[in-house]
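Participant: next one to model:
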Amino acid sequence: MGLIALGLIAGFLSGLIGIGGAVIIIPALVFLFGYEQHMAQGTTIALMILPIGLFAAINYYQKGMVDIKTALLISLGFVLGGYLGSLLALELSTLVLRRVLAIVLILISLKLLFS
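Facilitator: Numbering: from 1, shown residues only. A predicted model of the protein is given here:
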């Protein structure tokens, strides 16, 4: 039940402000469910294989708020980048991986806060 609630919260926030995986699901799996960092990341990536954003994307598309060409081009890069990033992540220690995620989230937060 807790994992379904996590999915509901992450899905809601994804639909609302476009976040989910790295910001909500990975930290929750690590800190609330006791997952090891690599397992949390792998599990989160695996759930993205399914069309989790399909219905939210349809809502945005119906309002003219989706650039299909941009989405497809980013998806192409995402496939290759995800593969290469996973190779590196599996070579890093849990501590280093957790710190990299924290630094990225802090930098994004600062950029959003001050722009």
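
Participant: can you get me a residue count around Phe12?
Facilitator: 13 (other C-beta atoms under 10 Å). Every residue, glycine included, has its C-beta placed from N, CA and C.

Participant: one more: Val23?
Facilitator: 19.

Participant: touching, it and Leu105? I think so.
Facilitator: Yes: counting by C-beta atoms under 8 Å, Leu105 is a contact partner of Val23 at 6.6 Å.

Participant: which strands and helices sit next to the helix or strand where Ile45 lies?
Facilitator: Using DSSP states H and E, Ile45 maps to helix 37-47. Packing partners of helix 37-47 (3 or more C-beta pairs under 8 Å, 6 or more residues apart in numbering; DSSP states H and E): helix 26-31, helix 68-89, helix 94-114.

Participant: mind listing what's buried in that helix?
Facilitator: By 16 or more other C-beta atoms under 10 Å, the buried positions in helix 37-47 come out as 37, 40-41, 43-44.

Participant: and the helices and strands packed on helix 37-47, which is most packed in?
Facilitator: Burial of these is given as mean neighbour count (mean count of other C-beta atoms under 10 Å); helix 26-31 ranks first at a mean of 18.

Participant: what is that one packed up against?
Facilitator: Applying 3+ C-beta pairs under 8 Å, 6+ apart, we find helix 26-31 packed against helix 2-17, helix 37-47.

Participant: tilt between the helix or strand harbouring Ile58 and helix 68-89?
Facilitator: Using DSSP H and E, Ile58 sits in helix 54-62. Orientation of helix 54-62 against helix 68-89 (axes from the mean of the first three to the mean of the last three C-alpha atoms, to 10 degrees) gives an angle of 150 degrees.

Participant: tell me the buried residues in helix 54-62?
Facilitator: Under the neighbour-count criterion of 16+ other C-beta under 10 Å, helix 54-62 has 56-57 buried.
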